[in-house]
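K.L.:
Any chance you can model this:
(one chain, ligands or ions: 1)
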Amino acid sequence: MQNDEYKFETKALHAGIEPDKATGAIMTPIYQTTTYAQSSPGVHKGYEYSRTQNPTRHVLEKNLSALENGKHGLAFGSGLAAIDACMRLLKPGAEIISTNDLYGGTYRLFTKVHEQYGLKFRFAGMQNVADVEPLINANTKMLWLETPTNPTMNIIDIEAFANLAKKHHLLLVVDNTFASPYLQNPLDLGADIVMHSVTKYIAGHSDVVMGFLALNDDELRNDLAFIQNSVGAVCGPMDSFLALRGIKTLHLRMQRHCENGEKVAHWLKAHPYVDKVYWPGFESHPNHDVAKKQMRGFGGMISFSLKGDKLDDAFNLVSRLRVFTLAESLGGVESLAGHPATMTHAALPKAEREKNGVTDSLIRLSVGVEHIDDLIHDLKNAMS
Ligand SMILES: *Cc1c(COP(=O)(O)O)cnc(C)c1O
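P.N.:
Here you go, the predicted structure:
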């Protein structure tokens, strides 16, 4: 099917997917093979060795790139492997300007791994383009942004940064994990590469670790495919199948994540023990207008802090939850709760994390697709 003829929901089920030519199987077969027969040396059906190409992975790449309105897609062994491939596009001495409240694993990869090889990272608040432009110099090659950010749900104006990137001939990469392609499509807003941790909303069932890059430029695609094949950070056929299976319900899940998220956010905001609630759907959110402009919904990620900001109160609350499970990660069908100060952001010094709103009582929720009454009841019970 031609991708641009169909709506998201139809593409999720059909883009890049055809009944198996050999058997008519409706579901993409799991091509659990490393190698492929050649009729004479170098003559084959487009597949030689599964690090380079695998038919199940190939279908996933076609399907998921269509959901991001991208011409090309590359699936990786994890979100971080996909980010790593982007960094390998750059040469020592290159500078990258990145969001300051970045996903912790990305921050670690940038500062502990790639700085060793001569890349230089500058971290900035990206609420205003005007604050970032002065950081650009002759060595700057890439802007890296994440929106909404974790855990305080800051929103960054992708289109404004795409204009800045074009003006200075920089690559713009957007980590779109928190929004998913259902809520936000950075390539349409001018980004060069969109990156996903498929592990979260896209696969959606907390059973696959995977990363993805979608893009339009042919040359950039060839460079990234070369890096991917040379480094070898690919995902396997079974995981590709599971991701494809998850994607078929991405739109349905995201609709419910958004509905439940909205109700939980409003319930929390009205609760007497709750201090701040971070959710981009509130009109009082500092970048609500940008969120409304570039997102189709506000998602199911919410953080909140408690009055008095006591660590013990937060610990008591999360340990009394029964429907929400205390765990890292996000984006699965089941609701999860996390305590950023001691879990995802534990490596940061207290003063540093508090600057970004990660106070002692901050709790992050990944609101799942359970019945809303049970979720609210669970929170009510834990707070009483
Ligand atoms: C989880 C996550 C990553 C890393 O992805 P993995 O699949 O865990 O390697 C990157 N960015 C964001 C925003 C994430 O939530």
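
K.L.:
tell me the average confidence for stretch 315-324?
P.N.:
Averaged over stretch 315-324, pLDDT sits at 97.

K.L.:
so how far is the first residue of that stretch from its last?
P.N.:
Using C-alpha to C-alpha, to the nearest Å, the end-to-end distance of stretch 315-324 comes to 14 Å.

K.L.:
And for stretch 348-358?
P.N.:
10 Å.

K.L.:
if we look at that stretch, which residues are touching it?
P.N.:
100-101, 151-152, 276, 278, 303, 305, 340-341, 345, 359 (C-beta atoms under 8 Å, 6 or more residues apart in numbering). In this view, the C-beta of every residue, glycine as well, is placed from N, C-alpha and C.

K.L.:
Of the residues you listed, which belong to strands?
P.N.:
Judged by DSSP state E, those include 276, 278, 303, 305 as members of strands.

K.L.:
Could you dump those residues into JSON lines and include pLDDT and distance to the ligand?
P.N.:
Putting those into JSON lines (pLDDT from 0 to 100; distance: C-beta to the nearest ligand atom, whole Å) gives the following:
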{"residue": "276", "pLDDT": "97", "distance to the ligand": "21"}
{"residue": "278", "pLDDT": "97", "distance to the ligand": "15"}
{"residue": "303", "pLDDT": "97", "distance to the ligand": "14"}
{"residue": "305", "pLDDT": "97", "distance to the ligand": "20"}
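
K.L.:
And the residues you listed, which is closest to residue 140?
P.N.:
Closest approach to residue 140 among those (C-beta to C-beta): residue 278, at 29.9 Å.

K.L.:
residues contacting that closest one?
P.N.:
151-153, 285, 302-304, 357.

K.L.:
buried subset of the residues you listed?
P.N.:
With burial judged by 16 or more other C-beta atoms under 10 Å, the buried subset of those is 151-153, 285, 302-304, 357.

K.L.:
near the ligand, which residues of the protein show up?
P.N.:
Neighbours of the ligand within the chain, by C-beta under 6 Å from any ligand atom: 78-80, 103, 105-106, 146, 150, 175, 177-178, 197, 199-200, 209, 211.

K.L.:
Of those residues, just the buried ones, PyMOL syntax please.
P.N.:
A single PyMOL command selects the buried members of the residues of the chain next to the ligand (16+ other C-beta under 10 Å):
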select buried, resi 78+79+80+103+106+146+150+175+177+178+197+199+200+209+211
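
K.L.:
Buried residues in stretch 238-256, which are they?
P.N.:
So, applying 16+ other C-beta under 10 Å, buried residues of stretch 238-256: 239-251, 253-254, 256.

K.L.:
low pLDDT regions in this structure?
P.N.:
Residue ranges of the chain with pLDDT under 70: 1-4.

K.L.:
residue ranges of the helices in the stretch 251-384 of the chain, please?
P.N.:
288-294, 311-320, 350-355, 372-383 (DSSP state H, counting those that start in this stretch).

K.L.:
roughly how far is the last one from the heart of the chain?
P.N.:
Put simply, helix 372-383 sits 27 Å off its chain's centre (C-alpha atoms, centre = their mean, to the nearest Å).

K.L.:
before we move on, the earlier item: quickly name whichever of the contacts of stretch 348-358 is closest to residue 123.
P.N.:
Looking across these and measuring by C-beta to C-beta, the closest to residue 123 is residue 100, at 4.1 Å.

K.L.:
my read: the closest one touches residue 127, true?
P.N.:
No - with contacts counted by C-beta atoms under 8 Å, residue 100 stays clear of residue 127, the gap being 10.2 Å.

K.L.:
Having no further points to raise, I will conclude here.
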